[in-house]
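>>> Mind folding the following:
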Amino acid sequence: MNKALLTQEGYWRLLQELKRLRRYVRPLILEEVMEAAAEGRLEKNESYWEARSRQAQVDQKIHSLQELISQSEVLVGTNLTPSQVRFNCRVKVCNLATGEISIFHLVSSAEADVRQGYLSVESPMGKALLGSRVGERIGFNPPGGHRAYQVLEIQTEGF
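Reported below is the predicted structural model:
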């Protein structure tokens with residue numbers, strides 16, 4: 001069984017989300033189910049079936065989080081020097097075609113959310129960035145076509 005690598009921050013975020021779902025969201029939904037069931041005739045009670053559907057979704061999310069957490073490993077150190085892009089570092093890059101500057105925190109696919117600046121090390125760009133140094137140009141071929149970036153800055157701590 002492969003372990004999912006997580007940053008310490010990502011691990012704690014997953015634990016907090018699991019706690020929130022178990023302690024607050026699920027009990028509220030169960031209350032909705034009970035209130036809807038009290039209305040009688042369950043087979044024609046839309047509010048009951050909607051609440052049950054939400055309950056099933058939350059239960060599935062709880063199960064998925066429990067699985068992910070139980071199969072994860074928090075990666076704290078690395079064998080790469082602080083001058084190289086690595087897992088759990090922040091990297092500032094410049095898109096060589098557009099001049100757009102972006103900052104990404106390299107994380108596992110379980111934590112990835114590009115809109116929030118969390119880039120998976122398993123993504124084409126993440127793979128291309130790993131091991132690169134400030135000033136280096138990287139290129140990769142995602143489904144949308146070739147992309148080229150230059151590494152401007154690497155931050156390994158204190159972000």
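>>> immediately after the biggest helix by length in the chain, which helix or strand?
In the chain, ranked by residue count with DSSP state H as the criterion, the top helix is helix 46-70. Once the chain leaves helix 46-70, the next helix or strand it forms, by DSSP states H and E, is strand 72-74.
>>> and the angle for the strand or helix carrying residue 28 with helix 46-70?
Using DSSP H and E, the element containing residue 28 is helix 26-37. Counting by axes from the mean of the first three to the mean of the last three Cα atoms, to 10 degrees, helix 26-37 points 160 degrees away from the direction of helix 46-70.
>>> Flag every buried residue along helix 26-37.
For helix 26-37, a neighbour-count test (16 or more other Cβ atoms under 10 Å) marks 26, 29, 32-33, 36 as buried. Using the backbone N, CA and C atoms, a C-beta is placed for each residue, glycine as well.
>>> neighbouring contacts of the longest helix of the chain?
For helix 46-70, contacts defined as Cβ atoms under 8 Å, 6 or more residues apart in numbering pick out 4, 11, 14-15, 17-18, 21-22, 25-26, 29-30, 32-33, 36-37, 39, 42, 110.
>>> does the most centrally placed residue in the chain sit in a helix, a strand or a coil?
For the chain, the residue nearest the mean C-alpha position is residue 111 (2.1 Å; Cα atoms, centre = their mean). At residue 111 the chain is in coil, as set by DSSP: H, G, I helix; E, B strand; the rest coil.
>>> how much space between the nearest residue in space to it that is not next to it in sequence and residue 53?
In space, and not counting its chain neighbours, residue 111 is closest to residue 10: 3.8 Å by Cβ to Cβ, 6 or more residues apart in numbering. Distance, residue 10 to residue 53, using Cβ to Cβ, to the nearest Å: 29 Å.
>>> in stretch 91-101, what's buried?
For stretch 91-101, a neighbour-count test (16+ other Cβ under 10 Å) marks 91, 93-94 as buried.
>>> In strands, which of those fall?
Judged by DSSP state E, strands contain the following of the buried residues of stretch 91-101: 91, 93-94.
>>> Pipe these into JSON lines and attach distance to residue 142 and pLDDT per row.
What follows is those, written out as JSON lines (distance: Cβ to Cβ, whole Å; pLDDT from 0 to 100):
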{"residue": "91", "distance to residue 142": "17", "pLDDT": "96"}
{"residue": "93", "distance to residue 142": "14", "pLDDT": "97"}
{"residue": "94", "distance to residue 142": "17", "pLDDT": "97"}
